[in-house]
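K.L.:
sequence isn't available, so here's the structure alone:
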Ligand code: IPE
Ligand code: IPE
Ligand code: MG
């Protein structure tokens, strides 16, 4: 975003966030605390996603972006990676009808086309079925790494002959979405872990100790209240 765009956004802004992104962390620790397998933590994590997506739609949030699988998460044990892929497939299959019926538009950021062919096919079908929806946009970050995203965008911008912040922004996976307003991370970790590095330039951040499976719509409402109380200055005064 240029300075002018930032100022325009500020001038026209209410204290309502349009675009919220969440680093959903802490499934493993949630399970460990209960002497359960990590996969159970991930399963409960999906349930938290389901209720949060419903709540986001009901509260009229424009865009909810969820960090589901990073480019670095491939380094986890194969058993855990395949459990996560299985959960992703089951979630999309189970909830697609609900997205279609409730005007939720699905979008994916990250290099998801490099994932397994059955996952790619399932996602492409879900994207097509919800493409015309204009209610809440649910953006799922899959095989997503911000450095990978920025490198891909820069290469595309260079191929078109112009490497400027605006040209790179226009080639990011998030092109066309409203600017990121609020970034939330659960589980007490205070880092970005390669998520939305470019888009977070002027986003507000909220870090909470709540582990992802315990995160409720009320926790989202609380974060939105914190956001509403923030003074976004964009470097101006
Ligand atoms: C987040 O929970 C889920 C993914 C990264 C896919 P973790 O699995 O990272 O849980 P912790 O951080 O080990 O508790
Ligand atoms: C970030 O969580 C990735 C997702 C939530 C998908 P990680 O658990 O992978 O991050 P680190 O390893 O703690 O930085
Ligand atoms: Mg983690």
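P.N.:
Received, thanks. Not measured: the values here are computed from a predicted model. Ligands and ions are numbered 1, 2, ... in the order given.
K.L.:
so what touches the helix or strand hosting residue 31?
P.N.:
Taking DSSP states H and E as the definition, residue 31 sits inside helix 27-33. By CB atoms under 8 Å, 6 or more residues apart in numbering, the residues outside helix 27-33 that reach it are 37-42, 44-45, 187, 211-214. (Glycine included, C-beta is placed from N, CA and C.)
K.L.:
which ones are touching residue 221?
P.N.:
Residue 221 neighbours (CB under 8 Å, 6+ apart): residue 59.
K.L.:
where does it sit: helix, strand or coil?
P.N.:
Following DSSP: H, G, I helix; E, B strand; the rest coil, the label given to residue 221 is helix.
K.L.:
pLDDT score for it?
P.N.:
Looking at residue 221, its pLDDT is 98.
K.L.:
quick one: it and residue 38, what's the gap?
P.N.:
Separation of residue 221 from residue 38 (CB to CB, to the nearest Å) stands at 29 Å.
K.L.:
please apply the same query to residue 16.
P.N.:
36 Å.
K.L.:
and these two? which has more neighbours close in?
P.N.:
residue 38 (19 against 13; other CB atoms under 10 Å).
K.L.:
so where's this structure uncertain?
P.N.:
Along the chain, segments meeting pLDDT under 70 span 1-14.
K.L.:
if you set the cut-off to 50 instead, what comes out?
P.N.:
1-5, 7-8, 11-12 (pLDDT under 50).
K.L.:
burial count for the residue in it that ligand 1 sits nearest to?
P.N.:
Closest residue of the chain to ligand 1, CB to the nearest ligand atom: residue 28 (2.6 Å). Applying other CB under 10 Å, we find 19 residues neighbouring residue 28.
K.L.:
just want the residue of the protein that's nearest ligand 2.
P.N.:
For the chain, CB to the nearest ligand atom, closest residue to ligand 2: residue 193, 3.6 Å.
K.L.:
three-state assignment of that residue?
P.N.:
coil.
K.L.:
next, it: phi, psi?
P.N.:
phi 50, psi 50 (degrees, to the nearest 10).
K.L.:
how far away is it from residue 128?
P.N.:
30 Å.
K.L.:
same check on residue 218?
P.N.:
For residue 218 relative to residue 128 (CB to CB), the value is 34 Å.
K.L.:
check residue 198 too.
P.N.:
Taking CB to CB, one finds residue 198 at 27 Å from residue 128.
K.L.:
the two: which is more packed in?
P.N.:
Neighbours of residue 198 and residue 128, each counted by other CB under 10 Å, are more numerous for residue 198; the result is 17 against 10.
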